[in-house]
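> Got a predicted structure plus its sequence, pasted below:
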Amino acid sequence: MLIAAAVCPCPPLLVPEVAAGAAPELDGLRAACAEAVRALAAARPECLIVVGPAERAGRGPHAQGAAGSFRGFGVELDVRLAAPAADGSSGGDDAAGRSPSPPPAPAPSLPLSLAVAAWLLEHAGWDPAVPVEGLGVGEPLAAERCIEVGRELAGRAERIALLVMGDGTACRTLKAPGYLDERAAPFDAEVARALAAADTGALAALDEELAYELKAAGRAPLQVLAGAAERAPLKGELRYDEAPYGVGYFVASWSS
C-alpha cells in the first residue's frame with residue numbers, strides 16, 4: 001500500500017555542477033525537493049520506488065545501485081541510485097596490507113530523470129539501507145496503463161513510498177523550450193491544484209495529447225502516482241510551484 005509520495009521535477013539544472021554559475025537560481029527548488037525526500041524517509045517505508053520519464057533505452061526497472069551520468073553536459077559527475085554504503089566492497093586491507101581496489105564502475109543505465117533522482121536522494125541524505133528501485137516510464141504510455149502500473153507498484157508491500165520525477169509544461173514563456181502556448185498555464189495550474197489536494201482523479205484525467213503538445217514530460221509518471229494512490233487516504237502539500245526558464249516545476253508531498 002502506498003503510504004507516502006513526493007513529486008519533484010527532473011531538470012539537469014537541479015544538479016549544481018550542471019547549472020554551474022546559474023546554480024543559485026534554483027536553490028529554493030533544491031531545498032523544497034530535499035524537504036520532500038526527507039518527508040518520505042520520515043514515513044518509514046519498506047521500499048522506495050522512483051518513477052520518472054524515460055526515452056526508449058531507459059524504460060523499465062532499474063535496480064538499486066544502477067548508475068547514471070551527467071557527463072553529457074560536460075560535467076564529470078556520475079551517480080548511483082541509492083547505492084549501499086559499502087558499495088559491494090568488503091572494506092579493510094588485504095593480507096599484504098594493501099587497500100582493496102574498488103570494484104569497476106557500472107556503465108550508466110539510468111535515464112536522466114532517475115539520474116537526477118539519484119543525485120537528489122544523496123543530496124537529501126537518503127538511508128541506503130532502505131531498498132530503492134527505479135522505473136523509467138515512456139512518455140507515450142497510455143493513461144490507463146500508467147494507472148495499472150501504479151496499482152501494481154502499490155501492491156508490492158504494506159508500506160510503499162514513491163518519488164515521482166517529472167516536469168510540467170515547457171511552454172510557459174516566449175523563451176521556454178516549447179515557446180509560449182496559452183494553454184500551458186491552465187494545464188500546470190490544474191496539476192498544481194491536484195497535487196495540493198492529492199486529487200488522484202484529476203491526475204488520472206490529464207489529457208495525454210495536450211500534455212504531449214505542451215511538452216509536459218511528467219504526465220505519465222503523475223498518472224502512475226494516480227494509480228498507486230487511488231485507494232490510499234493521503235493528504236497533499238504543495239511545496240513549490242514556479243516556472244523558471246518557462247518550464248513548470250512542482251514539488252509536492254503526499255502523506256497520511
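Yep, it's here. Numbers count the residues shown, from 1 in each chain.

> Quick one: mean pLDDT over the helix or strand containing E209.
Using DSSP states H and E, E209 sits within helix 208-213. Averaged across helix 208-213, pLDDT comes to 97.

> and the following helix or strand past it, what other elements does it pack with?
Note on helix 208-213: by DSSP H and E, the next helix or strand toward the C-terminus is helix 219-229. The helices and strands touching helix 219-229, judged by 3 or more C-beta pairs under 8 Å, 6 or more residues apart in numbering; DSSP states H and E, are strand 2-8, strand 47-54, strand 132-138, helix 143-154, strand 160-165, helix 200-204, helix 208-213. C-beta: built from backbone N, CA, C; applies to glycine.

> Can you list the buried residues in the helix or strand following the second one?
The one in question is strand 47-54. For strand 47-54, the following helix or strand on the C-terminal side (DSSP H and E) is strand 60-62. The neighbour-count check on strand 60-62 (16 or more other C-beta atoms under 10 Å) flags H62 as buried.

> List the buried residues of the helix or strand that strand 60-62 is followed by.
Remark: after strand 60-62, the chain's next helix or strand is strand 67-69, criterion DSSP H and E. Applying a neighbour-count criterion of 16+ other C-beta under 10 Å, one finds A67, G68, S69 buried in strand 67-69.

> thinking again about what came up before, run the chain-centre distance for the helix holding E209.
On the basis of C-alpha atoms, centre = their mean, to the nearest Å, helix 208-213 sits 20 Å off its chain's mean C-alpha point.

> Which strands or helices does it pack on?
Using 3+ C-beta pairs under 8 Å, 6+ apart as the contact test, the elements touching helix 208-213 are helix 219-229.

> got the contact list for the helix it packs on?
Contacts to helix 219-229, defined as C-beta atoms under 8 Å, 6 or more residues apart in numbering, come from residues 2, 5, 7, 51-53, 113, 135, 137-141, 143, 146-151, 153-154, 160, 162, 164-166, 191, 198, 200-201, 203-204, 206, 208, 211-212, 254.

> One more pass at 7 Å, please.
Helix 219-229 has contacts (C-beta atoms under 7 Å, 6 or more residues apart in numbering) with 2, 5, 51-53, 137-139, 141, 143, 146-151, 153-154, 162, 164-166, 198, 200, 203-204, 206, 208, 211, 254.

> Render the CA-only coordinates of that helix in PDB, please.
C-alpha atoms of helix 219-229 as PDB (Å, rounded to 0.1, in the frame of the first residue of the first chain):
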ATOM      1  CA  ARG A 219       2.300  13.400 -17.400                       C
ATOM      2  CA  ALA A 220       2.900   9.600 -17.400                       C
ATOM      3  CA  PRO A 221       4.700   9.400 -14.000                       C
ATOM      4  CA  LEU A 222       2.000  11.600 -12.400                       C
ATOM      5  CA  GLN A 223      -0.600   9.100 -13.700                       C
ATOM      6  CA  VAL A 224       1.400   6.300 -12.300                       C
ATOM      7  CA  LEU A 225       1.100   8.100  -9.000                       C
ATOM      8  CA  ALA A 226      -2.700   8.400  -9.500                       C
ATOM      9  CA  GLY A 227      -3.000   4.700  -9.800                       C
ATOM     10  CA  ALA A 228      -0.800   3.900  -6.800                       C
ATOM     11  CA  ALA A 229      -2.700   6.400  -4.600                       C
END
